[in-house]
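Asks: model the following, please.
(one chain, ligands or ions: 1)
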Amino acid sequence: MTNLSVNINKVALIRNSRGANYPDLVQFAKDCERFGAEGITIHPRPDERHARYTDVPALKKVVKTELNIEGNPIPKFLKMVLANRPHQCTLVPDDPDAITSDAGWDTIKHKGFLTDTIAELKEAGIRTSIFIDPVEEQIEGAKAVGTDRIEFYTGPYAHDFGKSRKKAVAPYVKCGKLAHKLGLGINAGHDLNTKNLSYFLKSVGNVAEVSIGHALVTDALYYGLHHTLLMYLHACRGK
Ligand code: PXP
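Replies: Presented below is the predicted three-dimensional model:
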């Protein structure tokens, strides 16, 4: 079974567009959990255009499942994560002005930095995950830096899904097997939706968690939040 962590950045983006606390991010997180989500993810970027650093303590107080904080581990980010101690911290090498995360870590080039950062987070009792492309030497590099889990960057899979789903998923199947053999937990995220999610999970296997934001929040506009969560949970249950 794969846990569903709802990335609530898009809800923060709507809130920020008007200045007031509406929609209320904390209430949205609580409702996601009430409707079955097994985790809440936020990704505060340096410009705080979606989730803000100040959203973290408020979410930490109410999230009863798992809070996952994603982001580029710049000093300000690490300080905030260590102060709030989420269940999981996902390290992402995104540029400050990136529209969205668009590549995994080079675990070989950044070996020293990742090793130190992961050790600091684990020391604080925080499970670690690092955003990774499905490349075997990067998976081996992920093992070497001591992370608990990897998060597959699934953007390219989603992009090529319509052309040939079998070809699109192949690198993830191969690297998923390697990660599992090395004892790494497997998360996945980016551009996953109701069309491509279940095929990915069935093909790769052993996926502990998916974090999904953009498509899920968009689907909620059409189907409502409760119904949308049921659709995604259904896919996570292998149906
Ligand atoms: N994982 C990471 C590291 C991300 O940066 C994002 C987007 O913020 C996601 C997962 C979720 O992607 P999406 O919003 O496309 O579902």
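
Asks: could you use CA atoms for every contact and neighbour count after this?
Replies: Will do.

Asks: residue 163: neighbour count?
Replies: As a burial measure, residue 163 scores 10 neighbours (other CA atoms under 10 Å).

Asks: next one, pLDDT for the spatially most central residue of the chain please.
Replies: By CA atoms, centre = their mean, the chain has its centre lying nearest to residue 211, at 4.1 Å. Note on residue 211: pLDDT of 98.

Asks: in this structure, where's the longest helix?
Replies: helix 165-181 (DSSP state H).

Asks: helix or strand next in line after that helix, which one?
Replies: strand 185-189 (DSSP states H and E).

Asks: counting contacts, what elements does that next one pack onto?
Replies: Contact here means 3 or more CA pairs under 8 Å, 6 or more residues apart in numbering; DSSP states H and E; on that basis strand 185-189 packs against strand 149-153, helix 165-181, strand 207-212.

Asks: looking at the ones you listed, which is buried most?
Replies: Mean neighbour count (mean count of other CA atoms under 10 Å) peaks for strand 149-153 among the helices and strands packed on strand 185-189, with a mean of 25.

Asks: now check the helix or strand just after that one, is it near the ligand?
Replies: Using DSSP H and E, the next helix or strand after strand 149-153 towards the C-terminus is helix 155-160. No - on the criterion CA under 6 Å from any ligand atom, helix 155-160 is out of touch with the ligand, staying 7.5 Å away.

Asks: counting by contacts, list what helix 155-160 packs against.
Replies: helix 165-181.

Asks: neighbouring contacts of the helix it packs on?
Replies: Helix 165-181 is contacted from outside by 134-136, 139-140, 152, 156-158, 160-161, 185-186, 200, 203-206, using CA atoms under 8 Å, 6 or more residues apart in numbering.

Asks: please redo it, this time with the cut-off set to 6 Å
Replies: 134, 136, 157, 160, 161, 204 (CA atoms under 6 Å, 6 or more residues apart in numbering).

Asks: do the same with stretch 120-130
Replies: For stretch 120-130, contacts defined as CA under 6 Å, 6+ apart pick out 87, 88, 89, 90, 91, 147, 148, 149, 150, 151.

Asks: likewise for stretch 195-214?
Replies: Here stretch 195-214 has contacts from 2-7, 173, 176, 186-189, 235, using CA under 6 Å, 6+ apart.

Asks: which among the residues you listed count as buried?
Replies: Taking 16 or more other CA atoms under 10 Å as the criterion, what is buried in the contacts of stretch 195-214 is 2-7, 173, 176, 186-189, 235.
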